[in-house]
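> quick one, fold the following:
(one chain, ligands or ions: 1)
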Amino acid sequence: MSTDYLIIEQFLADSLQARALQAAFDLSIIDALAAEDCVVIDDLLRGRDCDVRGGHFLLQMLIRSNVITKKAERVGFTDVFRTALKFRDLLTTKLTFSTLVAPDYFNSLPNLLRSEGDFMASSKLFELFDYSRCQDVTTANCMQASRWMQLTTMLTRYEAPVCHSHYDFGQHQRMLDVGGNSGEFVLQICRRESQLQAVVVDLPVVCQVGQRHIQTQPERDRIQFCPADMQQEAFPTECDLITWKSVLHDWPDDRVPGLLQKSYNALPPGGTILIFERQRWDFSVEETPYGLLPVMLFFRSYREPDSYQTWLQQIGFTDVNVQTIPLEVPFLLITAKKS
Ligand SMILES: C[S@@+](CC[C@H](N)C(=O)[O-])C[C@H]1O[C@@H](n2cnc3c(N)ncnc32)[C@H](O)[C@@H]1O
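Got it, this is the predicted structure:
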């Protein structure tokens, strides 16, 4: 099932335990346990960058979080963690980025509560997602962009198949993904739709990194990158589907209608717009696992579906359809047609 990856969330719930799990990856304890079913504790800890008490503390944390079980003097993975380890790329990415931005939450919560501007000035998160360094294609800018693109790419690798399982992409021939980043979204969709060609619009540095990202994939010849500023330039035409995956929340309310209007202008009659992104969620109802930190810190940006519905209808889109998909938080999947 496309949502099987959500099994990792239980290991990302508690910040102290998740941080311990990250240390277990860093100390290669996870690799050692993956190689053997059940390992003698002394052998497992020997030669690692921890003393005996430190090693035992770490193993106790891992037992508490259901990563490992202990029998006599041996430890091994629980069945559920062994299954979760199939999604190791996503699990380790979420651990890395949560730890990176955790000081933003713990040290700058007063700023976060005061305003987005105050928080932006003091946070690692916004320093990381610095789009102003995505215009000039230099080695340094590509390296900087690759860093944050690891997070977007990894989330999208698992979210794209969910989108695909809720919408019939088989009816389309050519899609445009605006803010399409590394091309991971179109890559996942094209992999499942052999008829489909795709165009990715993003900033020049991001397109450069994206081009490299897909270059070894069999679908690469069906994916074209188009470096452009989505605000300044008209969108490529001749696509019967325009997708917005986790992009529109980046833009304030006074900019979104303009971007949707440009989509309308670029679509042929009968063409479709598709929006897939996190919906505003209620922290009093939803769990807020530690692994959610990098996306949670943008809480001001997520919207209810009605805003998008209203804008789409005002522009002239018809057949507006809204689905809410429960992932680690609710996702919106909105489609509408140009008649
Ligand atoms: C939050 S990321 C989402 C990326 C991707 N769609 C995903 O879901 O993984 C927003 C994307 O919009 C791109 N972007 C930001 N400003 C842009 C602009 N003015 N023109 C084109 N792309 C832009 C960023 O480079 C980034 O790839």
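> residue boundaries of the strands in this structure?
Residue ranges of the strands in the chain, as given by DSSP state E, are 39-40, 68-71, 74-77, 174-178, 197-202, 223-227, 241-245, 272-278, 317-326, 330-338.
> briefly note if the fifth one comes near the ligand.
Yes. Strand 197-202 lies in contact with the ligand when judged by C-beta under 6 Å from any ligand atom; the contacting residues are Val201, Asp202. All C-beta spots, glycine's among them, are computed from the backbone N, C-alpha and C.
> contacts for that strand, please.
When contacts are defined by C-beta atoms under 8 Å, 6 or more residues apart in numbering, strand 197-202 is touched by residues 134, 173-181, 183, 186, 189-190, 207, 210, 222-228, 230, 235-236, 239.
> for Ala24, grab the count of nearby residues.
The number of residues packed near Ala24 is 22, by other C-beta atoms under 10 Å.
> just Gln231 next, same as before
Using other C-beta under 10 Å, Gln231 has 10 other residues around it.
> isn't it up against Asp250?
No. At 11.4 Å, Gln231 and Asp250 do not qualify as touching, with contact defined as C-beta atoms under 8 Å.
> what residue in the chain comes nearest to the ligand?
Gly179 (3.0 Å; C-beta to the nearest ligand atom).
> got the contact list for that residue?
Counting by C-beta under 8 Å, 6+ apart, the residues that Gly179 touches are Val201, Asp202, Met230, Trp244, Lys245, Ser246, Val247, Asp250.
> mind redoing it with 6 Å?
For Gly179, the contact set (C-beta atoms under 6 Å, 6 or more residues apart in numbering) comprises Asp202, Val247.
> near the ligand, which residues of the stretch 1-150 of the chain?
By C-beta under 6 Å from any ligand atom, the residues of the stretch 1-150 of the chain that approach the ligand are Tyr131, Cys134.
> switch the cut-off to 8 Å
Taking C-beta under 8 Å from any ligand atom as the criterion, the stretch 1-150 of the chain approaches the ligand at residues Phe129, Tyr131, Cys134, Ala145, Met149.
> for the fourth one, give me its contacts.
Meaning Ala145. Contacts for Ala145 (C-beta under 6 Å, 6+ apart) come out as Cys134, Val205, Val206, Val209.
> report how many residues lie close to the last one.
In other words, Val209. By other C-beta under 10 Å, 25 other residues sit near Val209.
> swap in the second one?
Residue crowding around Val205 was assessed by other C-beta under 10 Å; the count is 24.
> separation between the residue nearest to it when sequence neighbours are not counted and Ala24?
Spatial nearest neighbour of Val205, chain neighbours left out: Cys134 (4.1 Å); criterion: C-beta to C-beta, 6 or more residues apart in numbering. Applying C-beta to C-beta, to the nearest Å, the value for Cys134 to Ala24 is 35 Å.
> same thing with Gln150?
Computed as C-beta to C-beta, the Gln150 to Ala24 distance reads 20 Å.
> right, and Gln323 touches Leu333 too?
Yes. Under the criterion of C-beta atoms under 6 Å, Gln323 makes contact with Leu333 at 4.4 Å.
> so which bits of the helix or strand bottoming out on mean pLDDT in the chain are buried?
Lowest by mean pLDDT, DSSP states H and E among the helices and strands of the chain is helix 124-128, with a mean of 82. For helix 124-128, the neighbour count (16 or more other C-beta atoms under 10 Å) marks Lys124, Leu125, Phe126, Leu128 as buried.
> how about stretch 307-321?
The neighbour-count check on stretch 307-321 (16+ other C-beta under 10 Å) flags Tyr308, Gln309, Trp311, Leu312, Ile315, Phe317, Val320 as buried.
> once you drop chain neighbours, what's closest to the second one?
Once its chain neighbours are removed from consideration, Gln309 has its nearest residue in Val320; the separation is 5.4 Å (C-beta to C-beta, 6+ apart).
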